[in-house]
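Q: generate coordinates for the sequence data below:
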Amino acid sequence: MSRDYGISDPTGRLRRVLVRPPDDAFAVADPSVWHYGARPDARRAAAEHRRLVEILMESGAEVVIHDDPLPDLADSVFVFDPVFMTPVGAVLLRMGKSLRRGEEAPLGDRLEQAGVPIVGRLRGPGKVEGGDLLRLDATTVVAGLGFRTDRAGCDELTRILADLGCQLHPFDLPYLGGPSACLHLRSLVSLLAPDLAVAHRALLPVRLWRLLEERYEVVDVPPEELASMGPNVLALAPRRCLVLEGSPRTRDRLRRAGCEVLSYRGDEISHKAEGGPTCLTLPLWREASA
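A: Down below sits the predicted model:
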């Protein structure tokens, strides 16, 4: 029987994706508490998110909306972080940013309503955020150890994924902006095709860089475009990708590497709140690349 969930190919055509529109909690978020650049404008944020959804639908993806009330959880718009999708369902994580605790269970409920089974969950004190996890193929996942994801969390996730036939390989992340900033592994690297990645290589762990270099042609993001989330790129299909407006040199390099590059305006939902297209979307189903 065919099913409409499961991720084994990280860059296969995106067929189904979950998003969460910005709500009242996002609109009234105190920037000093949530580490936002400024308070988002609710009307503009809603319009930006609607356009993001339109792009996903125009690309051929079914969009699942998660709009259950979550008061006081401003970051819940970034649906990628509480969950890790596997080929057979979702693993619920335990996030390192304490302000975000409480997002996991409602998102898990919404996934089950959408027909996506929960195949595991972190139950111990360890922490893992989805933004620190990068699937390379059906059996290989790398993790970034930093302020949002710790060794205990990775150890527990390693055991869960091992039962699903997948290995987890952790790598240390740099200090950079410190505990209050949001530096995920996926702030530094995204996969765009079975043989193509985009990354800010200067901040990657050397062992991880060597692993990527063995597998991919890597489009390098210049230092001045790290803050505009140049490495945060969503694969819609192999060499077809979605970027946040604001990194022109990276976009040019992606095109020279053979990518079709789509973009969205994210002044409110992305630039102010430190989350790009991979953060705002939770792929539920991708086709395997030919």
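
Q: what score does the residue nearest to Gly246 when sequence neighbours are not counted have for pLDDT?
A: Leaving aside its sequence neighbours, Gly246 sits nearest to Ser228 (C-beta to C-beta, 6 or more residues apart in numbering; 3.9 Å). Any C-beta I mention is one placed from the backbone N, CA and C, and that applies to glycine too. With respect to pLDDT, Ser228 scores 95.

Q: so Ser228 makes contact with Pro248?
A: No - using C-beta atoms under 8 Å, Ser228 makes no contact with Pro248, being 9.2 Å away.

Q: which one's more surrounded, those two?
A: Looking at Ser228 and Pro248 with other C-beta atoms under 10 Å, you find the greater number of neighbours at Ser228, namely 21 against 11.

Q: would you say that one is within a helix?
A: No - the assignment for Ser228, made by DSSP: H, G, I helix; E, B strand; the rest coil, is coil rather than a helix.

Q: so how many other residues sit close to Arg255?
A: There are 12 residues near Arg255, going by other C-beta under 10 Å.

Q: so it touches Val261, yeah?
A: Yes - counting by C-beta under 8 Å, Arg255 does reach Val261; the two are 5.7 Å apart.

Q: re earlier: got phi/psi on the residue nearest to Gly246?
A: phi -90, psi 10 (degrees, to the nearest 10).

Q: now the one 5 residues further on
A: Backbone torsions for Val233, taken as degrees, to the nearest 10, come to phi -130, psi 130.

Q: who touches the nearest residue to it once chain neighbours are set aside in this structure?
A: Distances taken as C-beta to C-beta, 6+ apart place Ser190 nearest to Val233, at 4.2 Å, with adjacent residues excluded. Listed by C-beta atoms under 8 Å, 6 or more residues apart in numbering, the contact set of Ser190 reads 197-199, 231-235, 278.

Q: mind pulling up the pLDDT for Ala290?
A: Predicted confidence (pLDDT) for Ala290: 60.

Q: run through the strands of the stretch 1-150 of the chain in chain order.
A: According to DSSP state E, counting those that start in this stretch, the stretch 1-150 of the chain carries its strands in the segments 14-19, 62-65, 83-86, 89-92, 118-121, 133-137, 140-145.

Q: got the buried residues for the second one?
A: Pointing back at strand 62-65 there. Neighbour-count burial for strand 62-65, counted by 16 or more other C-beta atoms under 10 Å, picks out Val64.

Q: circling back to that earlier point, which of the strands of the stretch 1-150 of the chain sits closest to Phe171?
A: Checking the strands of the stretch 1-150 of the chain against Phe171 by C-beta to C-beta gives strand 140-145 as the closest, at 6.1 Å.

Q: return the very next helix or strand once past the closest one as PDB; C-alpha atoms alone will do.
A: Going down the chain from strand 140-145, the next helix or strand is helix 151-162, by DSSP states H and E. Presented in PDB, the C-alpha positions along helix 151-162 are these (Å, rounded to 0.1, in the frame of the first residue of the first chain):
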ATOM      1  CA  ARG A 151      25.500  14.400  23.800                       C
ATOM      2  CA  ALA A 152      22.800  12.800  26.100                       C
ATOM      3  CA  GLY A 153      20.100  13.600  23.600                       C
ATOM      4  CA  CYS A 154      22.200  12.300  20.700                       C
ATOM      5  CA  ASP A 155      22.900   9.100  22.600                       C
ATOM      6  CA  GLU A 156      19.200   8.500  23.000                       C
ATOM      7  CA  LEU A 157      18.400   9.400  19.400                       C
ATOM      8  CA  THR A 158      21.200   7.100  18.300                       C
ATOM      9  CA  ARG A 159      19.400   4.200  20.000                       C
ATOM     10  CA  ILE A 160      16.000   5.100  18.400                       C
ATOM     11  CA  LEU A 161      17.500   5.500  14.900                       C
ATOM     12  CA  ALA A 162      19.500   2.300  15.200                       C
END
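
Q: now do the buried residues in the helix or strand just after helix 151-162.
A: Note on helix 151-162: by DSSP H and E, the next helix or strand toward the C-terminus is strand 167-172. Neighbour-count burial for strand 167-172 flags 168, 170-171 (criterion: 16+ other C-beta under 10 Å).

Q: gap between the two ends of stretch 204-222?
A: Start to finish, the residues bounding stretch 204-222 are 13 Å apart (C-alpha to C-alpha, to the nearest Å).

Q: number the residues from 810 up from this point.
A: Okay, residue one is now 810; in that scheme the one you just asked about reads as stretch 1013-1031.

Q: perfect, I'm done here.
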